[in-house]
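Visitor: dropping a prediction and its sequence here:
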Amino acid sequence: MQHAISIHNLVKEFPRKSEPPMRAVDDISFDVRTGQVFGLLGPNGVGKSTIIKILTTLIPPTSGTVLVNGFEVVRQSLDVRKNICVVLQENAVEVFLTVRHNFLTFGKFHGMTTSEIEKKLGRIVELFGLEEILNQKPIDLSGGMKRRVQVAKMFLVDKPIVFLDEATTGMDTFNKRATVNAIKEEAQRGRTIVLTTHMLEEAEELCNEIVIINHGKIIAKGTTDEVKKLGLQLFYLSLKFNELKKDLEEMMYKFSPIKMDIINNDVSLTVRELNTAIQILSMAQSSGALKHFEISTASLEDVFVELLDGKKRGAA
Amino acid sequence: MKNIAALIYRDTLIRLTSLMWLFFDMAVPLLYLLMFGVGFNKAVGFGIHTFGSSIPYNDFFLAGVLSMSCFGSAINQAYGFFVDRDNGIFYEFLTYPMTRGELLLGKMLFQCMMALAQTTLTLTAAYFILDIPINIALLPVTIIVVMVGIAAWFFALSTIAFRIRRNDTFNTVINVAYFVLMFVSSMFYPLDAVPVWLKYISYINPLTWHTDVLRFTTIGVGEIGIIGIEAAGFVIFLGISFWFARQALKKVA
Ligand SMILES: Nc1ncnc2c1ncn2[C@@H]1O[C@H](COP(=O)(O)OP(=O)(O)O)[C@@H](O)[C@H]1O
Ligand SMILES: [Mg+2]
């Protein structure tokens, strides 16, 4: 089966004055299967939008191979653009044209006739609750409303791949719901959707597969279920001692916890398996100095944070 | 073709939302001709001597007004990129299924349509109100020269618009450039009457080439040999401008 997107060893560097270039995307590879809702996750400034801009032919990669629906993003950029539609992270609306004209121009740029646009518009207007603002100009609308118009446009045209860069930013709950529902519906119709977000619940609800990115590198990759399992395998252990002995501390290190913090005589650590957590706990108890302990499983949100933290420590 | 039509449709909608902008686009050259030209016509009552003939200032100035309005029109359209960039829609355009060249051509063609209306208005007034003896047979050529002028200046100014991020910087740069180009050109005065150094500088200015060609096609002033070279030079300038604009557009995001 052909991949909707296929990225190999993608690097993007931005030149800087009197400094080595800034590596925003650092040797990333992944594929997106056709018909998937695919999530690029990670905190702000890690390179998500840069990847989206490369995939949508706005900027060229520094090196690596990037194919969108089988077309190479630099040499076959026009073919790529024929297969995509994009919600960029930055707002993009015609503020001086009415919302209706926003849809008309967008549709025409994507090769639709006026009557084709009118035919589809009703459903979109209903889906996104735009009836009342159809004849208003976005210059008079709130930021959230503008975003709504921008996102709604994507569902007017029938391009095989849709990119949504933080599409729900600035939206209220109602609009977020509408957007999420529209995405689900489109995905069922076989379109490939690539979205970025820093909100995990959104990704959890929508995505079949995700990659988690930090500092331009992939730190976790898999189906949403797999990444969730990663979450179930993480355990927190909080141990309070009367006196923490050096040898005990060293023994705990030998279990190579994902994370271990020591403040005075209190230790908190994160490990991958319940078994490990229990072994550490029994060791701690047999030392005789344990005052208090707690074990808990990590939420997906915590996993996310842990993964990112872990990488930071690794890099430092 | 569909993409170009979409671009023209979009720009038409935008222009219709600002009737003031539309009005100035249409009427400024005419107002210039009527006010500036008429004043000078009186002041320079003895006429202008150029290429061995003596003609009223109005007749001489007509080509200057036409080339000036091409330049002004091109500034307007290139400035639109800043407005589109502020609204973010510019970057969305770059993800639409069209080439960078098509985007430039569509914008240029829209401005040419505007110029068509503008030029018709100016030439009609010149002919009927100011009695300027316009060569009617060469009218289609004049129209083409106007369009080529719009295109060349639009591409040249777009190149600058894509390279400069701030619109206030763009405005300053363009104002200064326009000022200098206007004064080292044949727009306001014939070059056979100016100091030699100014004459030489003026002849390497595409604005001179464009004005001279327009002067030839409208009132028949000029030497065909020189006009031919100037026309060729201007077409080369058009080609180079387009190439640079397309390169700059590829690097704009
Ligand atoms: N045009 C650019 N020039 C220089 N640096 C850039 C440019 N675009 C993005 N960056 C830098 O690249 C990094 C990744 O940015 P971005 O892809 O926008 O992150 P994200 O979308 O994950 O928040 C950031 O450090 C950002 O400052
Ligand atoms: Mg981003």
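Guide: Alright, I've got the coordinates. Ligands and ions are numbered 1, 2, ... in the order given.

Visitor: name the SS class of the residue nearest to the spatial centre of chain B, please.
Guide: Geometric centre of chain B, nearest residue: B:C70, 1.7 Å, by C-alpha atoms, centre = their mean. Classification of B:C70 by DSSP: H, G, I helix; E, B strand; the rest coil places it in helix.

Visitor: also B:G225?
Guide: helix.

Visitor: what's around it, how many residues?
Guide: 8 (other C-beta atoms under 10 Å in any protein chain shown). For glycine as for every other residue, the C-beta is placed from the backbone atoms N, C-alpha and C.

Visitor: measure it to chain A for me?
Guide: Using C-beta to the nearest C-beta, to the nearest Å, B:G225 is found at 43 Å from chain A.

Visitor: ditto for B:M98
Guide: B:M98 sits 7 Å away from chain A, taking C-beta to the nearest C-beta as the criterion.

Visitor: gap between the closest residue to ligand 1 within the stretch 51-200 of chain B and A:I278?
Guide: Relative to ligand 1, the nearest point of the stretch 51-200 of chain B is B:R165 (10.9 Å; C-beta to the nearest ligand atom). To A:I278, B:R165 is 59 Å away according to C-beta to C-beta, to the nearest Å.

Visitor: who has more neighbours, these two?
Guide: Remark: of B:R165 and A:I278, A:I278 carries more neighbours, 14 against 11, as counted by other C-beta under 10 Å.

Visitor: secondary structure class for that one?
Guide: Relying on three-state DSSP, one would call A:I278 helix.

Visitor: so it versus A:T105, what's the distance?
Guide: Distance from A:I278 to A:T105, by C-beta to C-beta: 63 Å.

Visitor: next one: B:I55
Guide: Distance, B:I55 to A:T105, by C-beta to C-beta: 47 Å.

Visitor: low pLDDT regions in the stretch 51-200 of chain B?
Guide: Residues of the stretch 51-200 of chain B meeting the criterion pLDDT under 70: none.

Visitor: mind listing the helices for it?
Guide: B:57-86, B:89-93, B:100-128, B:139-163, B:167-183, B:196-202 (DSSP state H, counting those that start in this stretch).

Visitor: what does chain A give?
Guide: A:48-55, A:77-82, A:99-109, A:114-127, A:143-153, A:173-188, A:200-206, A:224-232, A:246-254, A:274-286, A:300-315 (DSSP state H).

Visitor: and among those, the most buried is which?
Guide: helix A:48-55 (a mean of 24; mean count of other C-beta atoms under 10 Å in any protein chain shown).

Visitor: from the contact counts, what lies against that one?
Guide: Contact partners of helix A:48-55 among helices and strands, from 3 or more C-beta pairs under 8 Å, 6 or more residues apart in numbering or on different chains; DSSP states H and E: strand A:3-16, strand A:19-33, strand A:37-41, strand A:63-68, strand A:161-165, strand A:192-197.

Visitor: how about 10 Å then?
Guide: strand A:3-16, strand A:19-33, strand A:37-41, strand A:63-68, strand A:84-87, strand A:161-165, strand A:192-197, strand A:209-214 (3 or more C-beta pairs under 10 Å, 6 or more residues apart in numbering or on different chains; DSSP states H and E).

Visitor: just to revisit the earlier point, need the contact list for the residue nearest to the centre of chain B.
Guide: B:29, B:111-112, B:115, B:118-119, B:145-154, B:207, B:210-211, B:214 (C-beta atoms under 10 Å, 6 or more residues apart in numbering or on different chains).

Visitor: could you do B:T99 as well?
Guide: With C-beta under 10 Å, 6+ apart, B:T99 has these contacts: A:S77, A:L78, A:R81, B:N3, B:L105, B:R246, B:L249.

Visitor: would you confirm that the second one contacts B:R100?
Guide: Yes. Counting by C-beta atoms under 10 Å, B:R100 is a contact partner of A:L78 at 9.3 Å.

Visitor: what's the overlap in contacts for those two?
Guide: Listed contacts common to A:L78 and B:R100 are A:T57; contacts here mean C-beta under 10 Å, 6+ apart.

Visitor: to what extent is residue 98 buried, counted in neighbours?
Guide: Just going to use chain A. Neighbours of A:T98 (other C-beta under 10 Å): 17.

Visitor: oops, I was thinking of chain B
Guide: Neighbour count of B:M98, defined by other C-beta under 10 Å: 23.
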